[in-house]
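[1] coords below, sequence missing:
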């Protein structure tokens, strides 16, 4: 319960190709879902945030989708670049009266983009 | 830059040493967090300071001791650590009471315990 599962665990693609990362969650009560990008040895940086009423959000070449009914989200990366090599972390926030930022983290998908 | 600064970036310490990690945020946030990130594992919440009140994860060993002297600064004091404590320690801040607020992370401190 209150878990976030990401797949695949790792992914290797060629530069210029597209890819899609998956996130399934059982977190409840749901508040929001964020995708973070984390370069090796650095802190995560937010890419997108979606609330219950939003089913898609774009940030440049990154597009996140959310299906709150099936509790699934995806992150689609278009025309990948070498700089996209990083870990992508799905984070689901819980709605709690005393702590709005009770966040549950997935283990991340390690993406490697090769030339 | 996210507005959250951590020092040092790298730290190697012996098991008998005492050291401290520092975090500073310039975003006017009122909540700060310590996370531990071990290889291939999800981020683990260690401590939360909200409105200068500590909310603690009870599973954190007492060899980790947080300190929050004001809303902009957060410390993690380390004492008699174990090799399995080697990890990336991340600090984050947020404006807690704002709906769907975002957490901003620092660059982390890579800690190695020898």
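    Thanks, I have it. Treat the numbers as computed from the prediction; the structure is a model and nothing was measured.

[2] What lies in contact with stretch B:10-25?
    B:3-8, B:32, B:34, B:72-83, B:89, B:91, B:93, B:104, B:106, B:109-114 (CB atoms under 8 Å, 6 or more residues apart in numbering or on different chains). For glycine as for every other residue, the C-beta is placed from the backbone atoms N, C-alpha and C.

[3] now it: how far from the chain's centre is it?
    Here the centre of stretch B:10-25 is set off from its chain's centre by 11 Å, with CA atoms, centre = their mean, to the nearest Å.

[4] So which of the contacts of stretch B:10-25 sit within strands?
    Among the contacts of stretch B:10-25, DSSP state E puts B:4-7, B:32, B:34, B:73-79, B:89, B:91, B:93, B:104, B:109-113 in strands.

[5] Just the buried ones out of those, please.
    Among the ones in strands among the contacts of stretch B:10-25, those that count as buried by neighbour count (16 or more other CB atoms under 10 Å in any protein chain shown) are B:4, B:6, B:32, B:34, B:74-76, B:78, B:89, B:91, B:93, B:104, B:109-111, B:113.

[6] Farthest-apart pair in those residues, please.
    Across these, no pair lies farther apart than B:104 and B:113, at 27.2 Å, counting by CB to CB.

[7] Run through chain A and note the low-pLDDT ranges.
    A:97-101 (pLDDT under 70).

[8] Just give the nearest non-adjacent residue to whatever residue of chain A ends up closest to chain B, would you?
    Here chain A gets closest to chain B at one residue, residue A:43, 3.5 Å apart by CB to the nearest CB. Computed as CB to CB, 6 or more residues apart in numbering or on different chains, the closest residue to residue A:43 that is not its neighbour in sequence is residue B:105, at 3.5 Å.

[9] and if you look at residue B:21?
    Spatially, and ignoring its direct neighbours in sequence, residue B:21 is nearest to residue B:76 (4.3 Å; CB to CB, 6+ apart).

[10] isn't the one you found right next to residue B:89, touching?
    Yes - with contact defined as CB atoms under 8 Å, residue B:76 reaches residue B:89; the gap is 6.6 Å.

[11] Quick check: neighbours shared by the two?
    Common neighbours of residue B:76 and residue B:89, using CB under 8 Å, 6+ apart, are B:21, B:34.

[12] So what pairs up with residue A:72 in the strands?
    When bridges are called by DSSP bridges, residue A:72 pairs up with residue A:24, residue A:67.

[13] Show me where chain B dips below the pLDDT cut-off.
    For chain B (pLDDT under 70), the answer is B:1, B:52, B:56-58, B:97-100.

[14] Up against chain B, what does chain A have?
    A:4, A:9, A:31-32, A:34, A:36, A:41-46, A:49, A:51, A:89, A:93, A:99-101, A:103, A:105-108 (CB under 8 Å from any CB of the partner chain).

[15] again, only using 6 Å
    Proximity of chain A to chain B is confined to A:32, A:42-44, A:46, A:51, A:100-101, A:105, A:107 under the rule CB under 6 Å from any CB of the partner chain.

[16] In the residues you listed, find the pair that's most separated.
    Pairwise distances across these (CB to CB) peak at 26.8 Å, for the pair A:42 and A:51.
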